[in-house]
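1. Below are the sequence and a predicted model for it; my questions follow.
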Amino acid sequence: MAVTIPTTLTGAPQTGFTSPTYTTVVDTAPDNQSKQNAVTALGGTQTGVDAHSVSQPFTLTVTKPKSFAVLGKPNPVTGLISNVPRNKFKVLTRKGVLPLVDQPFQTMVIRTEVEIPAGADTADSANIRAALSAHFGLVWDQSNELGDTTIDGVL
């Protein structure tokens with residue numbers, strides 16, 4: 001099933017937010033290998049948060065490789081493949097934030113990049129799914145704590 005950025009997205013827990021939701025609309029993606037939505041409305045309690053605008057972007061982008069890498073042939077003597085290329089998938093969030101009151105907005109960037117060795121998609125899909133499940137499970141579970149750490153610097 002293809003990735004679909006939902007038009008109503010439930011946010012993960014964050015200190016000071018109550019039931020955050022984000023309404024998104026399809027936006028022009030940076031290229032034809034990407035899907036992008038802009039956050040046009042906010043739900044729940046998110047005091048001080050703004051939806052997408054030209055000067056303060058709030059976008060979510062998912063990108064697949066421009067061309068998929070494939071596994072080469074094994075060395076006829078050793079049986080090993082010396083160079084295993086990787087297919088990179090990316091999730092990018094951009095949000096305009098103020099560095100200081102009365103200053104222009106700057107764009108904050110959050111990236112998750114998934115690099116999968118070519119061939120693993122067919123040879124070991126279960127472990128790819130397990131890694132993704134654990135990664136995003138940790139991010140979801142620790143969303144509030146990660147938010148606090150980015151504000152207070154305490155890990």
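-> Happy to help now that I have it.

2. Check which helices and strands the longest helix seen in the chain sits against.
-> The helix that spans the most residues within the chain, counting by DSSP state H, is helix 125-141. Counting contacts by 3 or more CB pairs under 8 Å, 6 or more residues apart in numbering; DSSP states H and E, helix 125-141 is packed against strand 106-117, helix 120-123. No exception for glycine: its C-beta is placed from N, CA and C like everyone else's.

3. could the ones you listed be laid out in CSV, adding mean neighbour count?
-> As requested, these are arranged in CSV below (neighbours: other CB atoms under 10 Å):
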stretch, mean neighbour count
strand 106-117, 13
helix 120-123, 12
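
4. So which residue is dead centre in this structure?
-> V91 (2.8 Å; CA atoms, centre = their mean).

5. so K35 sits right up against T61, yeah?
-> Yes. Contact criterion CB atoms under 8 Å: K35 and T61 qualify, at 7.1 Å.

6. Looking at those two, which is more packed in?
-> T61 (20 against 17; other CB atoms under 10 Å).

7. Report the beta-bridge partners for the more buried one.
-> Beta-bridge partners for T61, by DSSP bridges, are Q36, L92.

8. which ones are touching it?
-> Under the criterion of CB atoms under 8 Å, 6 or more residues apart in numbering, the neighbours of T61 are A29, P30, S34, K35, Q36, K90, V91, L92, T93, R94.

9. What distance do you get for it to V26?
-> Note on T61: its distance to V26, by CB to CB, to the nearest Å, is 11 Å.

10. Pull up the overlap in contacts between the two.
-> In contact with both T61 and V26: K35, Q36, using CB under 8 Å, 6+ apart.

11. which is the next helix or strand following the longest helix of the chain?
-> From helix 125-141 onward toward the C-terminus, using DSSP states H and E, the following helix or strand is helix 143-152.

12. contact partners of that next one?
-> With CB under 8 Å, 6+ apart, helix 143-152 has contacts from A12, P13, Q14, T15, V139, V154, L155.

13. Give me the buried positions along that helix.
-> Residues of helix 143-152 classed as buried by neighbour count (16 or more other CB atoms under 10 Å): S143, G147.
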